[in-house]
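Undergrad: when you get a sec, could you give me coordinates for this:
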Amino acid sequence: HDYQTYATRFIEEHPVAALILEMGLGKSVITLTAIEHLMHDSFEVRKVLVIAPLRVAASTWPDEIRKWDHLSSLTFSIAVGTRDERIAALKRNADITIINRENIQWLVEESGVPFDYDMVVIDELSSFKNHRTKRFRSLMKARPKVKRIVGLTGTPAPNGLMDLWAEFRLLDGGKRLGHFIGQYRERWFLPDKRNQMVIFSYKPKEGAENEIYSLISDITVSMKAMDHIRMPELVTTEIKVAMNSPERKAYEAMKKDLVLSIPDGTVTASNAAALSGKLLQLASGAVYTEDGSYTEIHSRKLDALEDAIEGMNGKPLLVAYWFRHERERIAQLLNRLGVSWMEISSERSIRVWNDGSLQVALIHPASAGHGLNLQKGGSTLLWFSVPWSLELYQQTIARLWRQGQESKTTVVMHIAASGTIDERVLDAIRHKDETQDVLLEAVKADLGSREDS
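TA: So this is what the prediction gives:
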């Protein structure tokens with residue numbers, strides 16, 4: 001594709017580059033093509049480190065290198081697994097070493113192997129948005145040794161403009177957005193939510209967004225999938241379920257009193273964040289008790305899922321869940337129905353799904369949202385419950401709604417319990433509200449003023 005050629009050249013021509021490419025545009029092959037040119041044509045690069053989420057590091061990047069004939073000259077090593085396995089991978093001295101982001105501190109500070117990479121690629125730059133994390137600080141220590149760096153992401157600022165500072169501090173050393181987070185805040189933000197002298201969040205000043213984007217534009221290329229490739233139509237639907245009177249009373253008791261007494265134990269929610277999680281569990285049909293077990297409140301969503309599976313008439317269905325008890329309860333249902341199913345948690349499960357051998361596959365957005373190509377296995381995704389994270393939501397949908405999807409339509413279904421926090425989460429997602437604050441404020445609004453009661 002022309003846009004891929006453009007993006008490849010951009011990397012080659014910019015020692016510091018940020019590629020904000022929507023899911024499905026081929027970030028990996030674009031970057032690998034640039035690496036091949038820089039390494040074997042212009043001889044500007046000798047050794048490359050790719051940093052990625054664990055499963056993406058273990059499967060997606062190696063698969064991309066194997067897939068394309070023009071990349072066959074590149075050697076690679078996968079530094080994941082046990083310490084001995086990682087050490088062995090580092091010592092292979094391959095053209096490209098691929099490592100999961102959780103092991104960056106180990107690589108830089110503990111491995112004992114010299115950090116001699118002259119190019120670094122960060123797949124999912126947004127995972128370095130927090131400058132206080134060990135992975136950020138460790139990579140910053142090694143940054144002066146790196147001549148070329150590429151940041152890849154489809155969601156550079158999932159929680160707002162504040163995230164951009166750390167990401168670009170890592171890329172350009174603070175040249176564009178400043179060396180210190182305090183200076184960045186003072187220049188472009190105003191205090192937002194606060195309690196007397198304690199500031200909880202900041203909001204951008206008027207015009208800040210345009211100024212910030214203008215400053216980073218010389219090293220940044222941004223593309224939307226719909227502008228460059230023919231994507232299938234995306235159809236979203238809602239499946240409403242209704243709780244009966246006792247179930248509704250249990251939900252309201254939690255919402256209003258923060259405490260729900262149940263036969264198996266007592267669940268407490270000490271703050272709005274915890275409460276939002278409890279309410280999502282309750283809307284889903286079960287809730288954890290203090291001893292770590294869970295009590296089932298209703299099976300409305302399981303009934304809706306069973307209907308959806310029947311309605312698929314044997315066609316594959318990808319089901320996204322959020323809580324562990326959802327997975328356990330869904331698994332029990334699938335076993336009872338006798339359908340073929342697996343969880344997407346390994347290379348084998350990905351292959352089985354893409355072969356079309358499964359009626360149902362389960363996926364957890366936090367562990368399998370990024371980088372997995374699942375479009376060959378099916379075109380329908382059902383959300384058993386939706387997390388508050390817009391980034392994880394979009395990334396998970398993009399496993400099916402992406403380039404290479406053979407179906408003309410990708411369907412995304414959401415099971416939502418009527419009159420619950422489910423509806424507020426979906427509303428926030430629909431309006432692309434990108435912070436958890438929106439949901440927490442919604443929870444507080446639902447609670448009303450307890451102090452007045």
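Undergrad: distance of the residue nearest the centre of the chain relative to residue 166?
TA: In the chain, the centroid-proximal residue (C-alpha atoms, centre = their mean) is residue 392; its distance is 3.7 Å. Using C-beta to C-beta, to the nearest Å, residue 392 is found at 19 Å from residue 166. The C-beta positions use only the backbone N, C-alpha and C, and glycine is treated the same way.
Undergrad: from what I can see residue 64 touches residue 30, true?
TA: No - at 10.0 Å, residue 64 does not count as touching residue 30 under the criterion of C-beta atoms under 8 Å.
Undergrad: between these two, which one's more packed in?
TA: The neighbour count for residue 64 versus residue 30, taken as other C-beta atoms under 10 Å, is higher for residue 30 (26 against 20).
Undergrad: contacts only, for the more buried one.
TA: 4, 7-8, 11, 19, 21 (C-beta atoms under 8 Å, 6 or more residues apart in numbering).
Undergrad: check which helix or strand it maps to.
TA: helix 27-40 (DSSP states H and E).
Undergrad: return the list of strands paired to the next helix or strand after that helix, each annotated with direction.
TA: Counting by DSSP H and E, the next helix or strand C-terminal to helix 27-40 is strand 48-52. According to DSSP bridges, strand 48-52 forms sheet pairs with strand 96-100 (parallel), strand 119-123 (parallel).
Undergrad: now do the helices in the stretch 201-350 of the chain.
TA: 208-216, 225-228, 245-257, 272-284, 300-311, 324-337, 347-354 (DSSP state H, counting those that start in this stretch).
Undergrad: which of those is buried the deepest?
TA: Comparing those by mean neighbour count (mean count of other C-beta atoms under 10 Å), helix 272-284 comes out on top with a mean of 21.
Undergrad: tell me the helices and strands packed up against that one.
TA: helix 245-257, strand 286-288, helix 324-337, strand 409-417, helix 421-430, helix 436-447 (3 or more C-beta pairs under 8 Å, 6 or more residues apart in numbering; DSSP states H and E).
Undergrad: centre of the chain to it, how far?
TA: Centroid displacement of helix 272-284 relative to its chain, using C-alpha atoms, centre = their mean, to the nearest Å, is 20 Å.
Undergrad: could you give the angle of it to helix 300-311?
TA: Angle, helix 272-284 to helix 300-311, by axes from the mean of the first three to the mean of the last three C-alpha atoms, to 10 degrees: 50 degrees.
Undergrad: convert helix 272-284 to CSV, retaining C-alpha atoms only.
TA: Listed in CSV are the C-alpha atoms of helix 272-284, where the atom choice follows Å, rounded to 0.1, in the frame of the first residue of the first chain:
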residue,chain,number,x,y,z
ALA,A,272,-16.1,5.2,43.9
ALA,A,273,-13.4,3.3,41.9
ALA,A,274,-14.0,0.1,43.9
LEU,A,275,-17.7,0.6,43.8
SER,A,276,-17.7,0.9,40.0
GLY,A,277,-16.0,-2.4,39.8
LYS,A,278,-18.5,-4.0,42.2
LEU,A,279,-21.4,-2.6,40.2
LEU,A,280,-20.0,-3.9,37.0
GLN,A,281,-19.6,-7.4,38.6
LEU,A,282,-23.1,-7.2,39.9
ALA,A,283,-24.5,-6.2,36.5
SER,A,284,-22.6,-9.1,35.1
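Undergrad: and the gap between the closest residue to residue 243 other than its chain neighbours and residue 250?
TA: Leaving out its chain neighbours, the residue that sits closest to residue 243 by C-beta to C-beta, 6 or more residues apart in numbering is residue 298, at 5.6 Å. Counting by C-beta to C-beta, the gap from residue 298 to residue 250 is 8 Å.
Undergrad: would you map the strands across the stretch 101-250 of the chain?
TA: With DSSP state E, counting those that start in this stretch as the criterion, the stretch 101-250 of the chain has strands at 119-123, 148-153, 189-191, 194-195, 198-199, 202-204, 220-223, 233-241.
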